[in-house]
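*Asks:* could you look at this predicted model? Sequence included:
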Amino acid sequence: MSEEKRVIKKYPNRRLYDTATSCYITLEDVKKLVLENIKIQIVDAKTHDDITRSVLLQIILEEESGGVPMFTYDVLTQIIRFYGHAMQGLMGNYLEKNLQIFTQMQERLQEQTKAVYGDNPMLNNNVWSDFLKFQAPAMQGMLTTYLEQSTNMFVDMQQQLQDRARNLFSGFGFPGYPTSEEAPQPAPDSTKKNG
């Protein structure tokens, strides 16, 4: 049975109303709910459309605008290029899986901290907070590099799939695909000796 989501209504005046607490909240409050792993659903109060994604993207935009951004220019432009592309669905799943792996790595680090410093939650939280204060820029850089490399691998995989499809369909004379006579031939191997 799935966990019920906390419903937040967004009114035309842009105010957010938390139906669980019967009070108005801010984007910062929505961010706190996300950080507390509370499942939320944000609906337009007038149309009843689910606008959760757009509000979450707004929170990400605010986070990216202040402090140290997580996404580089290259990552953002590569993500934009996937919209409307045949590989768009795969890219979303690919990024989601990579973020899950990164989250699992973070959980393991926290478990290792518990193993070293015991089960004292105050000590664990302080140690983890101190560690992150000094290591946050390095960890953020590591995450950015990891995502860039993952995205580059995905782009390379996409290019290889396109090349293979082009080679596969070149003999059938489909529009946009050269016939086998027109298909570009691989360059001769320059390491072989004539003879």
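*Replies:* Received it, and whenever you're ready, just let me know what you need. Since we're looking at a predicted model, the values are computed, not measured.

*Asks:* give me the pLDDT for residue 126.
*Replies:* Per-residue confidence at residue 126 stands at 63 (pLDDT).

*Asks:* just give the number of residues close to residue 14.
*Replies:* By other C-beta atoms under 10 Å, the residues close to residue 14 number 7. Every C-beta, even on glycine, is put in place using the N, C-alpha and C of the backbone.

*Asks:* now do it against residue 151, distance only.
*Replies:* The gap separating residue 14 from residue 151 is 33 Å, by C-beta to C-beta, to the nearest Å.

*Asks:* which element is the residue positioned nearest the centre of the chain on?
*Replies:* Centroid-nearest residue in the chain, with C-alpha atoms, centre = their mean: residue 95, separated by 4.5 Å. In the assignment (DSSP states H and E), residue 95 maps to helix 88-117.

*Asks:* ok, now residue 41?
*Replies:* strand 40-44.

*Asks:* who touches that strand?
*Replies:* With C-beta atoms under 8 Å, 6 or more residues apart in numbering as the test, strand 40-44 has contacts from 5-10, 16, 30, 33-34, 49-52, 55.

*Asks:* and stretch 59-77, how far out from the chain's middle?
*Replies:* 12 Å (C-alpha atoms, centre = their mean, to the nearest Å).

*Asks:* can you give me the buried ones in it?
*Replies:* For stretch 59-77, the neighbour count (16 or more other C-beta atoms under 10 Å) marks 71, 75 as buried.

*Asks:* can we start the residue count at 23 from this point?
*Replies:* Sure thing, new numbering starts at 23, so read that last one as stretch 81-99.

*Asks:* helices of the protein, residue ranges please.
*Replies:* 49-57, 74-87, 95-104, 110-139, 143-191 (DSSP state H).

*Asks:* looking at those helices, which is nearest to residue 42?
*Replies:* helix 49-57 (9.5 Å; C-beta to C-beta).

*Asks:* packing partners for the closest one?
*Replies:* With contacts defined as 3 or more C-beta pairs under 8 Å, 6 or more residues apart in numbering; DSSP states H and E, helix 49-57 has these neighbours: strand 38-40, strand 62-66, helix 74-87.

*Asks:* quick one: neighbours of residue 129, just the number.
*Replies:* Residue 129: 10 neighbours (other C-beta under 10 Å).

*Asks:* tell me the one among the contacts of strand 62-66 nearest to residue 89.
*Replies:* residue 56 (17.0 Å).

*Asks:* ok, that closest one - contacts?
*Replies:* Per C-beta under 8 Å, 6+ apart, neighbours of residue 56: 62, 78, 81.

*Asks:* I'd say residue 37 and residue 46 touch.
*Replies:* Yes - using C-beta atoms under 8 Å, residue 37 makes contact with residue 46 at a distance of 5.3 Å.

*Asks:* coming back round to it: any chance of the helices and strands packed on helix 49-57 in CSV, plus distance to residue 185 and mean pLDDT?
*Replies:* Formatted as CSV, these follow (distance: least, C-beta to C-beta, whole Å; pLDDT from 0 to 100):
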stretch, distance to residue 185, mean pLDDT
strand 38-40, 48, 95
strand 62-66, 42, 96
helix 74-87, 33, 92
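
*Asks:* many thanks, we can stop here.
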